[in-house]
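Peer 1: structure for the following, please:
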Amino acid sequence: METSVTIIGLVIAIIVAIPVYFSARSSAANKSKILNIKKKFNASHPEDFNLTESQSNKTLTIDQKNRRFVLMNFNPNQQESTFVDLKNISSCKLVLTTDGNSDTILKIDFEFQEKETSKKITIPFYDFDDDRIKQISAYQDHIFAKKWLKIIQDSISR
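Peer 2: Down below sits the predicted model:
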């Protein structure tokens, strides 16, 4: 009886430990990637990016003091990071692309307008074709993008 209880206990412990191990390992790898990207855009002081948030394979970080913004997309199809110096930006807005027949969101982009040239810089944030969960993720990403739009606009207006 004691041997079977011990074996069952070990099996349960292993079943719980394996996913926790891989989750912790993945989290450490992502933190390392994020830090390396921050160092790429501010080698001497990556910690200046004082606000960082992640959701759905996207990480957004901002240096509110020096007004710098980085969007990191860790999508399996297209991994990229985009830097924007907010000192040179006059405004930012979200641009939604929807299906003509419905309210289905197909794309969400951040659109920045430069002060000097009035040139528009478009940074893709959400793309329906890259989304595995489809509309559930679109809704969550839209809420997340709205939150960050406010943060970016506050930094621009300083």
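Peer 1: continuing past the helix-or-strand element of the chain with minimal mean pLDDT, what's the next helix or strand?
Peer 2: Least confident helix or strand of the chain, by mean pLDDT, DSSP states H and E, is helix 2-41 with a mean of 82. The element immediately downstream of helix 2-41 (helix or strand, assigned by DSSP states H and E) is strand 51-55.
Peer 1: and that following strand, which strands flank it?
Peer 2: Using DSSP bridges, the strands paired with strand 51-55 are strand 58-63 (antiparallel).
Peer 1: could you give the mean pLDDT of the strand it pairs with?
Peer 2: Rounded to a whole number, the mean pLDDT of strand 58-63 is 89.
Peer 1: over to stretch 72-80?
Peer 2: Stretch 72-80 shows a mean pLDDT of 78.
Peer 1: between the two ends of that stretch, what distance do you get?
Peer 2: 6 Å (C-alpha to C-alpha, to the nearest Å).
Peer 1: list the buried residues in that stretch.
Peer 2: By neighbour count on 16 or more other C-beta atoms under 10 Å, the buried set for stretch 72-80 is M72, N73, F74, N75. All C-beta atoms are positioned from the backbone trio N, CA, C, and that covers glycine.
Peer 1: the residues you listed into TSV, with extra columns for distance to P19?
Peer 2: TSV is the format used below for the buried residues of stretch 72-80 (distance: C-beta to C-beta, whole Å):
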residue	distance to P19
M72	25
N73	25
F74	20
N75	23
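Peer 1: which of those sits closest to P124?
Peer 2: N73 (7.5 Å; C-beta to C-beta).
Peer 1: list the buried residues of the host helix or strand of S155.
Peer 2: Using DSSP H and E, S155 sits in helix 135-156. Of the residues in helix 135-156, S137, A138, D141, H142, F144, A145, W148, I151, I152, S155, I156 count as buried by neighbour count, 16+ other C-beta under 10 Å.
Peer 1: off-centre distance for it?
Peer 2: Here helix 135-156 shows a centroid-to-chain-centroid distance of 10 Å under the convention C-alpha atoms, centre = their mean, to the nearest Å.
Peer 1: could you check the angle that helix makes with strand 58-63?
Peer 2: 10 degrees (axes from the mean of the first three to the mean of the last three C-alpha atoms, to 10 degrees).
Peer 1: who's in contact with helix 135-156?
Peer 2: Under the criterion C-beta atoms under 8 Å, 6 or more residues apart in numbering, residues 51, 53, 55-56, 58, 60, 62, 64, 67, 69, 86, 89-94, 96, 104-105, 108, 110, 125-126, 128, 131 lie in contact with helix 135-156.
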